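*Asks:* For reference, the sequence and a predicted model appear below.
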Protein chains: 2
Amino acid sequence: MTQVLALSGGIGGARLALGLQHTLPPGELTVVVNTGDDFEHLGLSISPDIDTVLYTLSGQENPDRGWGRGGDSWHFMAEIERLGGERWFRLGDKELAVHIERTRRLNAGEKLSRITADFAGHFGILGKVVPMTNDMVRTMVVTEGEGTLDFQQYFVARRCEPVVKGMAYAGAADAQMPPVLQEVLTDPSLQAIVICPSNPWLSIAPMLEIPAWREALQEATVPVIAVSPLLNGHAVRGPATKIMSELGLEPSSASIAQFYGNLIDGFVLDRSEAHVAPEIGVATHVTATSMKTPADRQRLAGEVLEFAGSFRGVGV
Amino acid sequence: MTQVLALSGGIGGARLALGLQHTLPPGELTVVVNTGDDFEHLGLSISPDIDTVLYTLSGQENPDRGWGRGGDSWHFMAEIERLGGERWFRLGDKELAVHIERTRRLNAGEKLSRITADFAGHFGILGKVVPMTNDMVRTMVVTEGEGTLDFQQYFVARRCEPVVKGMAYAGAADAQMPPVLQEVLTDPSLQAIVICPSNPWLSIAPMLEIPAWREALQEATVPVIAVSPLLNGHAVRGPATKIMSELGLEPSSASIAQFYGNLIDGFVLDRSEAHVAPEIGVATHVTATSMKTPADRQRLAGEVLEFAGSFRGVGV
């Protein structure tokens, strides 16, 4: 038993999680997923990051877009447009099954963690996929000129164009951790906690703002390793460096390591960012972090686990 | 202005409504549709008869099945089955747009009549399509051995197999007529009311059990013409004669005319049923009522309107 807990947002984090899944023995990976981007749309409860992780770990992701299902069709969207319905957030025909069944079960009083576990099982995923909380946390983006936007309004409808002045994570202070995650965190076979290369402000911060999560990372007796999402001063995907600049931060992996501060024991960054390694206050591992191919993902996952293993016995 | 009001259930009624639409000047047809079969499924508000009428009047019906959209795809259903969701009622990908958008708007407090009118407009239908009521009426089937079943449980899940002891129309006694229908009924240009060849017990009775509807038909100053759904002692589709036998009625057009009683002024029946015409207590018109082709539908619609016209000035 060599259990690993990975914290993930959407596609960037999900790809490292997939590498970890291939590297670890079957069933030993638990991925805890950001739900700060969850929202209601057309009356459906949508959990974009959970779905991206489920699709990626079961080989059903859309490799081109970074969201949604691969090989999906758009008959529903064509019709909803024709009926005058909202079209700014696109829902594929296959995807709708997840949204409709999740909404039905949530409305019947089931917990998101239970529903997500069942979906993972139906998709043949052997490890655990768990929402960061069953409570409602909503990431809000405080913008210059457009006020405070819901995350999806900022991210999809406004295409990350407004200038970000700050973030808010509504509900996080009162949110609880699902019980199954407390079990994983206290399991003696847990070997490492990996913060995947997701956007720290958009995807990881919602978890860190939940008191139980911050505490769990602070008190972890296993190494906590973060992987930088930046390559050569840019995020592979998404607005990470745009947001960093707007928040007055140097868009480099050093700023990201600083954001995680004393919550992490080790930091993995890309060779293109090696020059900032000396500024980072924890142990670093410099390597190629691009995850374009399955081989890339597995090599990076292996290196992250080996790096985590190097802390063993040094009293993190 | 030669307005006609047609009362319809699903496909059988919708086909005559389509014939009437082609025969009348554009926009002069109002179809009032049974909502006793409406139900909630997977958290969605589904109105099967309204959808069948909308699809049929806009040329989008499935010609083979009698329900759903033509040329629909089933990606959603394949996925919902995979997720362990309910599969007994099949929802096509295109159809979902109507269900989801209707549900969203109902939950936002809009009236079903307003939503249906908008959908009809988006589908390019020039006449009016109106639910019989905006209130909840639910057709229930009292069976031998299986208790009282919701309509869709009886009709779809149990394939009309249980023996019917009686019907109940929950909510009908307290249901109101949508205001737009009161306007149509009192419009001086209204020429006729046509009860389409739908199943009297399943599709028309839910309207007749609404006090405002029964009163409207009783007090109508225009001819009320019913068209029998039976050909040669059988319904073209659906369990009409099975139910009639189980209720102890002779499965003939005479029993159907008797069911409508003094609500109707004239009755149209197929040549194959001509032998029962003498038993019918109102004026009859015997013709070919099969509606396999557009020519069939338009000829029958024309004859129904002409038959209705024959009552003009005779003080119905």
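*Replies:* Everything's here; your move.

*Asks:* Heading C-terminal from the helix or strand hosting residue A:13, find the next helix or strand.
*Replies:* Using DSSP states H and E, residue A:13 sits within helix A:11-23. Next in sequence after helix A:11-23, counting helices and strands by DSSP H and E, comes strand A:29-33.

*Asks:* strands paired with that following strand, and their directions?
*Replies:* Sheet pairing for strand A:29-33, assigned by DSSP bridges, gives strand A:3-8 (parallel), strand A:128-131 (parallel).

*Asks:* and the shortest one, average pLDDT?
*Replies:* Looking at strand A:128-131 alone, the average pLDDT works out to 98.

*Asks:* before we move on, the earlier item: packing partners of the helix holding residue A:13?
*Replies:* Using 3 or more CB pairs under 8 Å, 6 or more residues apart in numbering or on different chains; DSSP states H and E, the elements in contact with helix A:11-23 are strand A:3-8, strand A:29-33, helix A:48-57, helix A:294-309. For every residue, glycine as well, the C-beta is placed using N, CA and C.

*Asks:* Mind listing what's buried along it?
*Replies:* A:11, A:12, A:13, A:14, A:15, A:16, A:17, A:18, A:19, A:20, A:21, A:23 (16 or more other CB atoms under 10 Å in any protein chain shown).

*Asks:* Would you enumerate the residues in contact with the fifth one?
*Replies:* Contact analysis of residue A:15 by CB atoms under 8 Å, 6 or more residues apart in numbering or on different chains lists A:56, A:291, A:297.

*Asks:* Please identify which of those residues is nearest to residue B:122.
*Replies:* Minimum distance to residue B:122 across the contacts of residue A:15 is 36.4 Å, recorded for residue A:56 (CB to CB).

*Asks:* surely that closest one meets residue A:19?
*Replies:* No. The criterion here is CB atoms under 8 Å, and residue A:56 misses it with residue A:19 at 10.3 Å.

*Asks:* For the contacts of residue A:15, which entry has the maximal number of neighbours?
*Replies:* residue A:56 (27 neighbours; other CB atoms under 10 Å in any protein chain shown).

*Asks:* Do you know the pLDDT at that residue?
*Replies:* 96.

*Asks:* Identify the residue nearest it in space, chain neighbours excluded?
*Replies:* Using CB to CB, 6 or more residues apart in numbering or on different chains and skipping the chain neighbours, the partner closest in space to residue A:56 is residue A:14 (3.8 Å).

*Asks:* what does residue A:51 give?
*Replies:* residue A:98 (5.9 Å).

*Asks:* The one you found and residue A:114: what is the separation?
*Replies:* 15 Å (CB to CB, to the nearest Å).

*Asks:* cool, residue A:27 as well?
*Replies:* Taking CB to CB, one finds residue A:27 at 18 Å from residue A:114.

*Asks:* now do residue A:229
*Replies:* Taking CB to CB, one finds residue A:229 at 30 Å from residue A:114.

*Asks:* who in chain A is up against chain B?
*Replies:* A:42-44, A:72-73, A:75-76, A:78-80, A:82-85, A:93-94, A:96-98, A:100-101, A:103-104, A:107, A:118-119, A:122-123 (CB under 8 Å from any CB of the partner chain).

*Asks:* Quick check: residue A:167 touching residue A:205?
*Replies:* Yes. Using CB under 8 Å, residue A:167 makes contact with residue A:205 at a distance of 6.5 Å.

*Asks:* Now for these two: what residues contact both?
*Replies:* The contact sets of residue A:167 and residue A:205 overlap at residue A:139 (CB under 8 Å, 6+ apart).

*Asks:* so where's chain A shaky on pLDDT?
*Replies:* A:1, A:313-316 (pLDDT under 70).

*Asks:* check contacts around the spatially most central residue of it.
*Replies:* Nearest to the geometric centre of chain A sits residue A:9, at 1.3 Å (CA atoms, centre = their mean). Contacts for residue A:9 (CB under 8 Å, 6+ apart) come out as A:33, A:34, A:37, A:49, A:196, A:198, A:199, A:202, A:203, A:204.

*Asks:* again, only this time at 7 Å
*Replies:* A:34, A:49, A:198, A:199, A:202, A:203, A:204 (CB atoms under 7 Å, 6 or more residues apart in numbering or on different chains).

*Asks:* that older thread, closest one of the contacts of residue A:15 to chain B?
*Replies:* Taking CB to the nearest CB as the measure, chain B lies nearest residue A:56 of those, at 16.6 Å.

*Asks:* Distance to residue B:219 for the helices and strands packed on helix A:11-23 - can I get that in CSV?
*Replies:* What follows is the helices and strands packed on helix A:11-23, written out as CSV (distance: least, CB to CB, whole Å):
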stretch, distance to residue B:219
strand A:3-8, 67
strand A:29-33, 62
helix A:48-57, 56
helix A:294-309, 75
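
*Asks:* Out of these, which one sits most buried?
*Replies:* Across the helices and strands packed on helix A:11-23, averaging neighbours per residue (mean count of other CB atoms under 10 Å in any protein chain shown) puts strand A:29-33 on top, at a mean of 28.

*Asks:* Put the alpha carbons of that one into PDB.
*Replies:* What follows is strand A:29-33, C-alpha atoms only, in PDB (Å, rounded to 0.1, in the frame of the first residue of the first chain):
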ATOM      1  CA  LEU A  29      -4.600   7.200  -5.800                       C
ATOM      2  CA  THR A  30      -7.100   9.600  -4.300                       C
ATOM      3  CA  VAL A  31      -7.800  12.800  -6.200                       C
ATOM      4  CA  VAL A  32      -9.500  15.500  -4.300                       C
ATOM      5  CA  VAL A  33     -11.000  18.000  -6.700                       C
END
